[in-house]
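>>> No sequence on hand, only this structure:
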């Protein structure tokens, strides 16, 4: 564990920084060894498998420099937890690498770390996960955060991306499009959108809600799953491709929030559709399941108090399409983040 | 697994890049799921514990922009493997996050990735480890690499940093100071140092040799261990502090390479001592063991063909000192990287 700025200049030394900011995040996990050894030594129970994911976030790309350190911390951790949720895993441990701009003075670094680690601490308590190691370095570039999150599943009981069959229902949790609309709302003042709706959308962009309990509950019921990070249709394309199938969604079935519906009214359905079908960052679960599982899934969702909606079905072929209320395919101007 | 540049512009799309460069690095590990799912699902055998470490490297700080992508890959992976070695772990899996400068054009990115992944592939074969996931993003800053490496140990059988007792011998593997001298040799032309010696030192800086088999072999024999990354005396200070002890080293016992000795002759012993005792990046094992283990350790080292030397002993108190051949403490102008 090396939470110091290599060859940088800071008020606290390596041990001071670990003791103040990071060791408290690892105090509940004996295998973290107080963050003072070269690595963590973690128990993985008999019969369990380790589930590992890693996401990197760069300032101005994945979050805004003006976002609060607490929100940045929560987003960085939660996008990883969302990946664990989409595997049906129980989250356990994470490691964290920070690259902090050299241009920040010592006071700025300490103030930022204090808030950032407070955000991590809040999420650790909520999601029952512990920091177990990491690294911190100085950079000439923007603030960068890498997190590796680890969870467990029992044996082969996980939710694959490519397990869907023809005729399977396509489901999503929560509401779709809010995060993409929230990102637009940060720079665009939609006249007529009330402050509460605007704030709700922006919060959805800033602080994702990883669907861990739903993901774990879907094991044995869902045939495939992933999280909606790049955009609904693009991510559905990933599931379809991995399953060797096509997919068809009815736009009118895609669940929108109250704030999302307010934007539809303001900007018109055509524009809103693009954000809902193509926008990323929702971090809701997108999953497929046989029609025989409808009741079981409704029950699981009710127990966990997470709304779920059926939005379409898996089809033969390679087409991944969304239909409007006349049954016509909706042309997408963009399909999520420009991953190409 | 997301090996694409979020919102960037590149010749290959996400799946194209994964298929060409990264999937071949995961082909031997079924739990990597072809790098196509949200996370890897890895088996950890019964009775085994997971050992996890994470290191971040930034261009111009941890490696030079002029270093070959192959060497950068090997250094990035090996500094992590060295942490696993210092725990006595068997290395198994790693995840990789890359932040690639936006200023690179598509051809430059592809060329760099081709060489970088070739370097990883070579080391994967050598060390029996597999890529199992990661992320790739675009940055306005310098090239940055984060690796999380995972290994296993049997139950509680690992090498702690804080397990030394008074009277324990202090040992190091290989030779010390070469990497620090290699870094200096990159910018300074020592007249009189022959080309082969210069190259040997620079290679030691660029490509560390993680002592995995030695580390695993020392379980049950060494009382404490870490790797020499920040500088011999600073890292010995970490072991001493974690063990609640002091430490005393005889400089004349610290093993130097032939090239290292050549530099001593050139620059004088006083200057050379500073590099040897204070310079980082050697990634040799620094470990302690009861005097009763001397024969066993010599045998283990011989079997694995890794030279080891006793350089001092653990003492009461808090002082961590190096003595010259008159038994006088050597004053250090710097103690490794400025971790403060």
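Cool, the structure landed. Since we're looking at a predicted model, the values are computed, not measured.

>>> got a list of what residue A:312 touches?
A:169-170, A:247-250, A:253, A:322 (Cβ atoms under 8 Å, 6 or more residues apart in numbering or on different chains). No exception for glycine: its C-beta is placed from N, CA and C like everyone else's.

>>> Just the buried ones from those residues?
A:169-170, A:247-250, A:322 (16 or more other Cβ atoms under 10 Å in any protein chain shown).

>>> between those, which is closest to residue B:113?
residue A:247 (30.7 Å; Cβ to Cβ).

>>> Let's verify the closest one: helix, strand, or coil?
The assignment at residue A:247 comes out as strand when based on DSSP: H, G, I helix; E, B strand; the rest coil.

>>> measure it to chain B for me?
17 Å (Cβ to the nearest Cβ, to the nearest Å).

>>> do residue A:316 as well
From residue A:316 to chain B the distance is 21 Å (Cβ to the nearest Cβ).

>>> What is the neighbour count of whatever residue of the stretch 51-200 of chain A ends up closest to chain B?
For the stretch 51-200 of chain A, the residue closest to chain B is residue A:141, as judged by Cβ to the nearest Cβ, at 1.2 Å. Residues within reach of residue A:141, counting by other Cβ atoms under 10 Å in any protein chain shown, total 20.

>>> again, but for the one 4 residues further on
Burial of residue A:145, expressed as a neighbour count using other Cβ under 10 Å, amounts to 24.

>>> How about residue A:227?
26.

>>> OK, contacts around it?
A:82-83, A:85-86, A:210-211, A:235, A:283-286, B:38.

>>> For it, name its beta-bridge partners.
Applying DSSP bridges to residue A:227 yields these beta-bridge partners: residue A:285.

>>> And it, how far from residue A:325?
27 Å (Cβ to Cβ, to the nearest Å).

>>> Confirm that the residue of the stretch 51-200 of chain A closest to chain B sits in a strand.
No: counting by three-state DSSP, one finds residue A:141 to be coil, located in no strand.

>>> show me where chain A has helices.
A:14-17, A:69-85, A:106-127, A:178-187, A:195-206, A:212-217, A:232-243, A:258-267, A:269-278, A:294-303 (DSSP state H).

>>> name the helices or strands packed onto the third one?
Under the contact criterion of 3 or more Cβ pairs under 8 Å, 6 or more residues apart in numbering or on different chains; DSSP states H and E, the helices and strands touching helix A:106-127 comprise helix A:69-85, strand A:90-101, strand A:130-139.

>>> any chance of these in JSON lines, plus distance to chain B and mean neighbour count?
JSON lines is the format used below for those (distance: least, Cβ to the nearest Cβ, whole Å; neighbours: other Cβ atoms under 10 Å in any protein chain shown):
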{"stretch": "helix A:69-85", "distance to chain B": "4", "mean neighbour count": "25"}
{"stretch": "strand A:90-101", "distance to chain B": "4", "mean neighbour count": "26"}
{"stretch": "strand A:130-139", "distance to chain B": "5", "mean neighbour count": "26"}
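
>>> What residues are bridge-paired with the closest residue to residue A:39 other than its chain neighbours?
Among residues not flanking residue A:39 along the chain, residue B:53 sits closest, at 3.7 Å (Cβ to Cβ, 6 or more residues apart in numbering or on different chains). Beta-bridge pairing of residue B:53 under DSSP bridges involves residue B:149.

>>> Same question for the one 10 residues further on.
On DSSP bridges, the residues paired with residue B:63 through beta bridges are residue B:59.

>>> How many neighbouring residues does it have?
20.

>>> Also the one 5 residues further on?
Here the neighbour count serves as a burial measure; for residue B:68 (other Cβ under 10 Å) it reads 15.

>>> isn't residue A:143 right up against residue A:101?
Yes: contact criterion Cβ atoms under 8 Å: residue A:143 and residue A:101 qualify, at 5.9 Å.

>>> Flag the shaky bits of the stretch 1-150 of chain A, pLDDT-wise.
Applying pLDDT under 70 to the stretch 1-150 of chain A picks out residues A:1-12, A:14.
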